[in-house]
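> here is a sequence together with a model predicted from it:
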Amino acid sequence: MDKKLYKVEDGKMLCGVCTGLGRYFSIDPTVIRLLLVCTNVFYGVGTFCYILAAIILPTEDKVYK
């Protein structure tokens with residue numbers, strides 16, 4: 001089965017990007033959220049990357065139609 005990266009509607013906090021990344025890499029979405037905050041604090045690119053992923057990634061229902 002091919003792994004596909006997508007936004008998740010179930011269990012999302014904002015747009016579902018971190019939950020989708022967590023499912024893709026088989027880790028807890030909270031870890032992804034913490035890494036996002038750290039990249040935002042230390043490098044200032046976390047918010048930009050999240051918004052870009054929220055725009056580019058398809059939702060789960062569009063991937064598995």
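On my side now, so go ahead.
> what lies in contact with the worst-scoring helix or strand of the chain on mean pLDDT?
Of all the helices and strands that make up the chain, helix 60-63 has the lowest average by mean pLDDT, DSSP states H and E, namely a mean of 79. Applying CB atoms under 8 Å, 6 or more residues apart in numbering, the external contacts of helix 60-63 come out as 4, 6-10, 20. (Each C-beta comes from the backbone N, C-alpha and C, glycine too.)
> for stretch 13-26, same thing?
For stretch 13-26, contacts defined as CB under 8 Å, 6+ apart pick out 3-12, 28-33, 36, 50, 53-54, 57, 59-60.
> try it again with 7 Å
Applying CB atoms under 7 Å, 6 or more residues apart in numbering, the external contacts of stretch 13-26 come out as 3, 5-9, 11-12, 28-29, 32-33, 36, 50, 53-54, 57.
> for that stretch, which positions count as buried?
Residues of stretch 13-26 classed as buried: 15-23 (neighbour count, 16 or more other CB atoms under 10 Å).
> cool, stretch 40-56 as well?
By neighbour count with 16+ other CB under 10 Å, stretch 40-56 contains the buried residues 46, 50, 53.
> and Val8, how far from Phe42?
Computed with CB to CB, to the nearest Å, the distance linking Val8 and Phe42 is 26 Å.
> please report phi then psi for Lys4.
With angles defined as degrees, to the nearest 10, Lys4 sits at phi -130, psi 140.
> contacting residues around it?
Applying CB under 7 Å, 6+ apart, the residues contacting Lys4 are Val63.
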